[in-house]
Structure formats: structure tokens, C-alpha cells
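**Student:** sequence? don't have it. structure:
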């Protein structure tokens, strides 16, 4: 009933609906929003409650940004995330223009006992950036990147996308690790870890964070760095969104040539075992300037499967042929699309222009090298299917990432050579059970070869004991810091750390 009422609700100011998607007009019209009715919502424990019209009106009046309510076209667009299998309805959505709006929204959610979901790029496969009956913070109106060239720093607001960071930094010959898909949100990726095409040279995204500004559960804005609030600074680098909403990141930048060598090398599926064997031997010890994700794909429909090396070489161009030679000498490719390319363009090459047409489910875990039996389990477990696409990704780690002590940040997985991700996609709005069962079965065959998991990709299957094991020796410290900054566990839509 709650969802049906959400869908029937509407704003009195429907005449303003065409303008509410325009960021330039957002602050002009926000104060004109009239809330005509009470709203049904859910408490953090899941029981139904009523948000009174006057209370919601007070929130609307206190914001410089937008308040979106069910029935408004902008609300319907904002509530969606990229994974089309996630279909949730927040009671209300706040689009802030700055930290003050974020603090106001957090205060309102805390006082009204609402779940808080924070959406940046909307890439959370498990749907952690939206919720039913709570308050969604949609940071899409809070995006900006400023480069401080003398100090080799980039200041990035919490709603920014990684492509903005790449674009501005590379304009001045600088770079930092920023994922592999340009429309990913900076907040979720960085606070959870942050792999990327230059991570083996420069470390994870979180290894390059010099400071952060965070709105914590009490609505206060705090600065955190090695010198100020060092406990919070340590925790947000790997502890995810457990401690508040990061409104600003300061990243360390590194000089790098804009032209790199990158692209895809495609191999026949019949040779996938041979490719995996050479990848297992060479990828953990290859030069740090070489980044190679290995992707095994059985595509949707009747097309044959392939194995792909996604390559980025950011070192001396003259040394590339020697660096990639072990793969090419072991297995003959059917296509080699690697070439000199603009780094920003390479970062955009994996973007999806039609992400909502597919529903997705994935599992994942870290591996420390390829233990005997892993390749067999993977090759024997994967199978084609006309109504789904199956992808297994070995995301390349190692290099500079492994040179950081496991307790230097909250991210402890410095042993990992790869992040192993089996995933399945199917057409949106079609039955999913068969496909989800399949990937869970495949995961059951390869999980014994993994140790720990990437919290950015977490689903709901991890309790406190599993989280404790995953964070290894860092968990109790994280739980103590959680108690200090979020004792009531308001920020729980994440790989959740419960307060000690």
C-alpha cells in the first residue's frame, strides 16, 4: 500500500515540474514548492509512519536545492539507479547544492527516524543508493572539480563523476586513480577503495586522498586529514559511507603523459584456459605501468564467447611491446585494438549509454594469485545462454596498491592480486530468478579461492561476523569510530559497520 500511495501522490506545484530538472533554476524555484499533504514513509526499522505536511514544508523551505516528492517527474527520474533490477521509492528526495543542504537533510532524516540513501553516480549494483520509504540524497546537483596545480591537488565535490576529475586533471598533465568508467560517482568508489587503470602505478583512489570534508550523523561538517580528525580520515578511506556524507575530496595528483597505449585484445573462447594460465603467471609480476583486466564473456544471444584483455600501458611507449609480449606469444588473438590513445577517451571507453535496459547481479571476492583449481572451476562453471550475458572479470591489482600496509587505511586487502567478479545481466523487466541462481552457483564454485570482498560491490548477504572477517584486523577500530560519529547507525545502506 505504501508504494501505491507514493505513486498516487503529487505536488501542488505541478506547473513547475518542467523546470525542476534544470539545475540553474533549482534554487529559484525550490522556495516556491508547496507541500499539500502528509507523506507516508518508513522508519529505519521498517514500520510505517507519517511525515506531516508542515514538517515536510519546513524542510523544503530550508533548502537552497530541490525537494522532490512522489508524483513529480523529476522524482521519478531521480529515484532510479543504473541497475534496472532495483526499483525502490523513497518517501522524499533532496538534491542539495552544498554541504548546508546535506546537513539539513541529515538532520531531518535523523529526527524523523528515516533511512538515508546517498546517490552519486547510482552505480551500486546492490541498490544501496536508493531505498523504500526513506530519504534519498541525490548529489547530481553537487558536482565540481577544481585543480590546485602548485600543490598538485584536485578538490572534488561529493557528487562529482570520475570523468570530470580525469578531464580537469589531464588538461594540466596530471592524473590520479579514478576507476575505469567515467560516469561512476567519486564518493562510492573512493571511500570503498578505488581501483583504476593507473592504480598499479599510483595506488588506489583512497591512497591518493589528502583530506575530506564530511557531514556526519549529527549534521555537522567536519574536516578530516592526517592532522585534523585523523581517526575519521583513516576510516573513510576504505570504510565506505558508514561515517557520513563526504562533501569534498582533496586528491593527490601525479604528472603523466596524456597519450597512453590502451584498448582491447580479443582472444577466442576456445583458448580461454591457455590465456588464464599465462595471465595467472604474468599479471601479478608485470611492470607497474601495465594494467590488464581479463574479461571472459558469454554475450547475450547466439554470439560466441570471447576472452578480452583490457589494456592500459602508461609507461614509456617504447617499452610496451616487451611488456605485453608474454600474452601475445602464448595465445594468438583474433583482434588487437590496442593503440596510442588519449587517456580521458580510454577512461570513457567502458561507459554505458543505455544502462537501464539491463538488469544485473554480481558476486565478488579478492584473490591472492591463482590457486590450483580456480581456472578449472571457472572454465567448467561458465556457460552460454540465449537470454543472458555472463561476464567474469579479473580486475588487476598489485603494484603500488600492495605496497601500503594493511592498517595504514581502513582498506586491508593489500595482499590481493585481483578482484574476481562473476556477473550476469538480462533484459530489464524479464524474470530474473534463473539468472541469479546461475551466478550464485558459479560463485559457489570459485568463492573458495577468494579471501575477502570489495565492499563497493557488497550485497545484503554479510552480517557483522562476515564484515569483521572482511576488514580483518581493522574492524574493531572501525566499529569504535562508527560509534563516535554515527552511534545510532543512521548511515547503514552500505557495507555496514555496526557501532561497537
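**Tutor:** Happy to help now that I have it. For clarity, every value in this text was computed on a predicted model and none was experimentally measured.

**Student:** Going by C-alpha atoms from here, please, whenever you check contacts or count neighbours.
**Tutor:** Fine.

**Student:** which residues in the stretch 351-500 of the chain form helices?
**Tutor:** Using DSSP state H, counting those that start in this stretch, the helices found in the stretch 351-500 of the chain span residues 374-381, 433-446, 464-471, 475-485.

**Student:** what's the distance between the second one and the middle of its chain?
**Tutor:** Same thing as helix 433-446. On the basis of C-alpha atoms, centre = their mean, to the nearest Å, helix 433-446 is displaced by 22 Å from the centre of the chain it belongs to.

**Student:** and that helix, what does it pack onto?
**Tutor:** strand 358-362, helix 374-381, strand 418-427 (3 or more C-alpha pairs under 8 Å, 6 or more residues apart in numbering; DSSP states H and E).

**Student:** burial measure for residue 368, as a count.
**Tutor:** Other residues lying near residue 368 total 18 when counted by other C-alpha atoms under 10 Å.

**Student:** cool, residue 259 as well?
**Tutor:** 18.

**Student:** Residue 123 now?
**Tutor:** Applying other C-alpha under 10 Å, we find 21 residues neighbouring residue 123.

**Student:** what about residue 337, neighbour count?
**Tutor:** Residue 337: 12 neighbours (other C-alpha under 10 Å).

**Student:** wait, what's in contact with it?
**Tutor:** 263, 264, 265 (C-alpha atoms under 8 Å, 6 or more residues apart in numbering).

**Student:** Tell me where the stretch 101-250 of the chain has helices.
**Tutor:** Using DSSP H, counting those that start in this stretch, helices in the stretch 101-250 of the chain cover 162-170, 186-192, 199-202, 230-236.

**Student:** Which elements pack onto the first one?
**Tutor:** In this case it means helix 162-170. strand 145-148, strand 153-157, helix 343-348.

**Student:** Return the most buried member of the ones you listed.
**Tutor:** Stretch with highest mean neighbour count among those: strand 153-157 (a mean of 23; mean count of other C-alpha atoms under 10 Å).

**Student:** returning to what we had before: any chance of JSON lines for the helices of the stretch 101-250 of the chain, columns mean pLDDT, distance to residue 477 and mean neighbour count?
**Tutor:** Output for these, formatted as JSON lines (pLDDT from 0 to 100; distance: least, C-alpha to C-alpha, whole Å; neighbours: other C-alpha atoms under 10 Å):
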{"stretch": "helix 162-170", "mean pLDDT": "98", "distance to residue 477": "29", "mean neighbour count": "22"}
{"stretch": "helix 186-192", "mean pLDDT": "97", "distance to residue 477": "16", "mean neighbour count": "27"}
{"stretch": "helix 199-202", "mean pLDDT": "98", "distance to residue 477": "26", "mean neighbour count": "24"}
{"stretch": "helix 230-236", "mean pLDDT": "98", "distance to residue 477": "8", "mean neighbour count": "22"}
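
**Student:** ok so, going back, lowest mean pLDDT across the helices and strands packed on helix 433-446, which one is that?
**Tutor:** Lowest mean pLDDT within those: strand 358-362, a mean of 90.

**Student:** Domain ranges for this protein, per the record?
**Tutor:** 2-141, 145-256, 259-457 (automatic domain parsing).

**Student:** List just the one of these that sits closest to residue 482.
**Tutor:** domain 145-256 (6.2 Å; C-alpha to C-alpha).

**Student:** Would you mind measuring the gap between the ends of that closest one?
**Tutor:** 19 Å (C-alpha to C-alpha, to the nearest Å).

**Student:** Check the offset of that domain from the chain's centre.
**Tutor:** On C-alpha atoms, centre = their mean, the centre of domain 145-256 falls 13 Å from the chain's centre.

**Student:** So, low pLDDT: which residues of the chain?
**Tutor:** Scanning the chain for pLDDT under 70 picks out 1-32, 353-356, 458-461.

**Student:** buried set for stretch 448-458?
**Tutor:** The neighbour-count check on stretch 448-458 (16 or more other C-alpha atoms under 10 Å) flags 449, 450, 451, 452, 453, 454, 455, 456, 457, 458 as buried.

**Student:** Now render the domains of the chain as TSV, adding distance to residue 469.
**Tutor:** Shown next, in TSV, are the domains of the chain (distance: least, C-alpha to C-alpha, whole Å):
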stretch	distance to residue 469
domain 2-141	20
domain 145-256	14
domain 259-457	8
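
**Student:** hang on, the earlier thing: and the furthest pair within the buried residues of stretch 448-458?
**Tutor:** Going by C-alpha to C-alpha, the pair spanning the buried residues of stretch 448-458 furthest: 449 and 456, at 19.8 Å.

**Student:** how about the helices and strands packed on helix 162-170 in TSV, adding distance to residue 419?
**Tutor:** Shown next, in TSV, are the helices and strands packed on helix 162-170 (distance: least, C-alpha to C-alpha, whole Å):
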stretch	distance to residue 419
strand 145-148	29
strand 153-157	26
helix 343-348	19
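
**Student:** among the ones you listed, which is nearest residue 255?
**Tutor:** Closest among the helices and strands packed on helix 162-170, using C-alpha to C-alpha: strand 153-157, at 11.2 Å.

**Student:** Show residues contacting stretch 404-418.
**Tutor:** Contacts for stretch 404-418 (C-alpha under 8 Å, 6+ apart): 192-193, 207, 234-239, 284, 366-369, 394-398, 401-403, 452, 471-474, 478.

**Student:** Show me those residues that map onto strands.
**Tutor:** 366, 367, 394, 395, 396 (DSSP state E).

**Student:** of these, closest to residue 134?
**Tutor:** When the ones in strands among the contacts of stretch 404-418 are compared for distance to residue 134 (C-alpha to C-alpha), residue 366 wins out at 32.7 Å.

**Student:** Report the contact partners of the spatially closest residue to residue 159 that is not a sequence neighbour.
**Tutor:** Leaving aside its chain neighbours, residue 159 sits nearest to residue 139 (4.5 Å; criterion: C-alpha to C-alpha, 6 or more residues apart in numbering). The contact partners of residue 139, by C-alpha under 8 Å, 6+ apart, come to 95, 96, 118, 119, 120, 158, 159, 160.
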